[in-house]
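**Student:** build the 3D model from these lines:
(one chain, ligands or ions: 2)
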Amino acid sequence: MASVIELAPSILSANFAQLGAEAKAALDGGGTVLHLDVMDGHFVPNITIGPPVVASLRKTIPDATFDCHLMIENPDQFIPAFAEAGANWISVHQEACVHLDRTLHLIESHDCKPGVVINPATPVHMLDEVLDFVHHVLVMSVNPGFGAQHFIPNSLKKVESLARLRVSRGLEFRIEIDGGVALDTVGDIVRAGAEILVAGNAVFSHGDIRENARKLLEAARAASGKARKRRIVSV
Ligand code: DX5
Ligand code: ZN
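**Tutor:** Residues are numbered from 1 along each chain as shown. Ligands and ions are numbered 1, 2, ... in the order given. Take a look at the predicted model:
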């Protein structure tokens, strides 16, 4: 399957008093998926946004794909509200779901694309039984809860093994990565096989948001193009 690189700006590092304007700037810079981090203070040690904020953003931004990353306990209880608020994709943590298969199908039943997330300490094989029906797998490359943390290099091996599994099993899920994606890490990340790049700090925390997004996406596409050429030459 040809990989299309997409940038998913994470609003966690945005100025929440200017959320709509900052999210739009990141999308103007080339972001196509808006990544919305939902934290409950239980599954992760931080609290962020809930369905009303997603609904308000949806009014301001009617067209972008909304990618709701639920870092919460009991996600089944809140999936209908996030779907109603305007989520397109909803991902849940493998570690938070006792009945993962049921939860992923619940997301589908609300007309959202189901995604599954694994923490840095969770091995890829925990997902063996759901890979054939998830829309995307999100590999956490930091321990979830906060923006602007250091990228955990071991996550590259997990991305590579997901990319291999996708080919060997003839599957279609997309590979997303979240945490520490920046100009100095994005080349390795894309070469490992990640296609949807979540970035908060690198986009929102300094300088011009639109320009930050544009440069990051450009670096990712350049690395992806080179990796593809190398594969063709080596065939
Ligand atoms: C962390 C969140 C991330 C976070 C990534 O728990 O899931 O989406 O915003 O932030 P950066 O890009 O700053 O590492
Ligand atoms: Zn996230």
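**Student:** roughly how far does Phe43 sit from His99?
**Tutor:** 16 Å (Cβ to Cβ, to the nearest Å). Where you see a C-beta, it was placed from the backbone N, CA and C, and this is true even at glycine.
**Student:** between those two, which one's more packed in?
**Tutor:** Of the pair Phe43 and His99, Phe43 is the one with more neighbours under other Cβ atoms under 10 Å, namely 20 against 10.
**Student:** how many neighbours does the residue in the chain that ligand 2 sits nearest to have?
**Tutor:** Residue of the chain nearest ligand 2, by Cβ to the ion: His69 (3.8 Å). For His69, the neighbour count with other Cβ under 10 Å is 27.
**Student:** let's verify it: helix, strand, or coil?
**Tutor:** Per DSSP: H, G, I helix; E, B strand; the rest coil, the local secondary structure of His69 is strand.
**Student:** just the buried positions in stretch 115-125, please.
**Tutor:** 115-119, 122, 124 (16 or more other Cβ atoms under 10 Å).
**Student:** how far does it stretch from one end to the other?
**Tutor:** 16 Å (Cα to Cα, to the nearest Å).
**Student:** what do you get for stretch 68-82?
**Tutor:** 8 Å.
**Student:** give the buried residues for that stretch.
**Tutor:** Neighbour-count burial for stretch 68-82 [16+ other Cβ under 10 Å]: 68-72, 75, 78-79, 82.
**Student:** hmm, back to that, filter the buried residues of stretch 115-125 down to the ones in strands?
**Tutor:** 115-118 (DSSP state E).
**Student:** identify the farthest-apart pair in the residues you listed.
**Tutor:** Spatial extent of those (Cβ to Cβ) is set by the pair Gly115 and Ile118 at 10.8 Å.
**Student:** overlap of the contact sets of these two?
**Tutor:** 137-138 (Cβ atoms under 8 Å, 6 or more residues apart in numbering).
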